[in-house]
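1. Predicted model follows, preceded by the sequence.
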Amino acid sequence: MKHIKLTLRAYLVTGILIWLPLAVTLWVLDMIVGTLDQTLLLLPDAWRPHSLFGFDIPGLGVVLSVLVLLGTGMVAANVLGQRLFDYWDALMSRIPVVKSIYSSVKQVSDTLFSDTGQSFKKPLLVQFPHQGLWTVAFQTGSLPDSVSQSLADLGDEYIGVYVPTIPNPTSGYFVMVAKKETRELGMTVDEALKYAISMGMVAPAAPQQAGKKR
């Protein structure tokens, strides 16, 4: 009887391991598609699928969103479009409360997606939240001269790193640490992010130079 219970438990765990990733993936995709389908509400009622065909078409909002993004990029690529978007940025920067949110999000998006921006440079190990505890962090852009000069009297070169919180890496802490106190990971940024989010359960297949000192 005990052997039967152990076998049933093993079967149950195996089933969970197979279906859970698929279920979560489908749930996330359903949430994304459902959210993007709301963009169809921007269309006149006569142009919506329900009015044209008599039924809704799931995922059509995704196509519309992609077309809007492509169209926006094409408009912004020419001189007139650039002037229009510059005017829009100036307008948003003059509205109280809105300007602080808009400018912050714009700076982050420019940093992450622009070819000239400074996104995460490399994954590192840093001691956080205190000495003796190590966690995965990501080196960000160079520190401003004013910050570097303020830290110059400490005698070490400092770098800015982002320490993500788990399991939500979109929130975290930006800290400045001595470069010599960090350890470079032999992983890509994506591998290190997966490793951190999975709480160490998803490790990269072949680390290159793990533990290399900065």
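-> Perfect, thanks for sending it.

2. now the biggest helix by length in the chain: mean pLDDT?
-> Identified as the longest helix of the chain according to DSSP state H is helix 2-36. Mean pLDDT, helix 2-36: 81.

3. what about it, distance to the chain center?
-> 25 Å (Cα atoms, centre = their mean, to the nearest Å).

4. do stretch 93-109 as well
-> With Cα atoms, centre = their mean, you get 19 Å for stretch 93-109.

5. about what we covered before: after the longest helix of the chain comes which helix or strand?
-> Downstream of helix 2-36, the first helix or strand assigned by DSSP states H and E is helix 49-53.

6. list the buried ones in that next one?
-> Within helix 49-53, the residues scored as buried using 16 or more other Cβ atoms under 10 Å are Pro49. For every residue, glycine as well, the C-beta is placed using N, CA and C.

7. Now do it: distance to the chain's middle.
-> Distance, centroid of helix 49-53 to centroid of chain: 36 Å (Cα atoms, centre = their mean).

8. How about residues contacting it?
-> For helix 49-53, contacts defined as Cβ atoms under 8 Å, 6 or more residues apart in numbering pick out Leu40, Asp45, Ala46, Phe55, Asp56, Ile57, Leu60.

9. In CSV, list the C-alpha atoms belonging to that helix.
-> Once non-C-alpha atoms are left out, helix 49-53 reads as follows in CSV (Å, rounded to 0.1, in the frame of the first residue of the first chain):
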residue,chain,number,x,y,z
PRO,A,49,-15.4,42.6,-35.8
HIS,A,50,-18.7,42.0,-34.0
SER,A,51,-20.4,44.5,-36.3
LEU,A,52,-18.7,43.4,-39.5
PHE,A,53,-18.8,39.6,-39.1
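
10. Next, the angle from the helix or strand just after that helix to helix 2-36.
-> The helix or strand immediately downstream of helix 49-53 is helix 60-76, counting by DSSP H and E. Here helix 60-76 runs at an angle of 50 degrees relative to helix 2-36 (axes from the mean of the first three to the mean of the last three Cα atoms, to 10 degrees).

11. can you give me the offset of helix 60-76 from its chain's centre?
-> With Cα atoms, centre = their mean, you get 21 Å for helix 60-76.

12. Next: stretch 168-181.
-> Computed by Cα atoms, centre = their mean, the chain-centroid distance of stretch 168-181 equals 15 Å.
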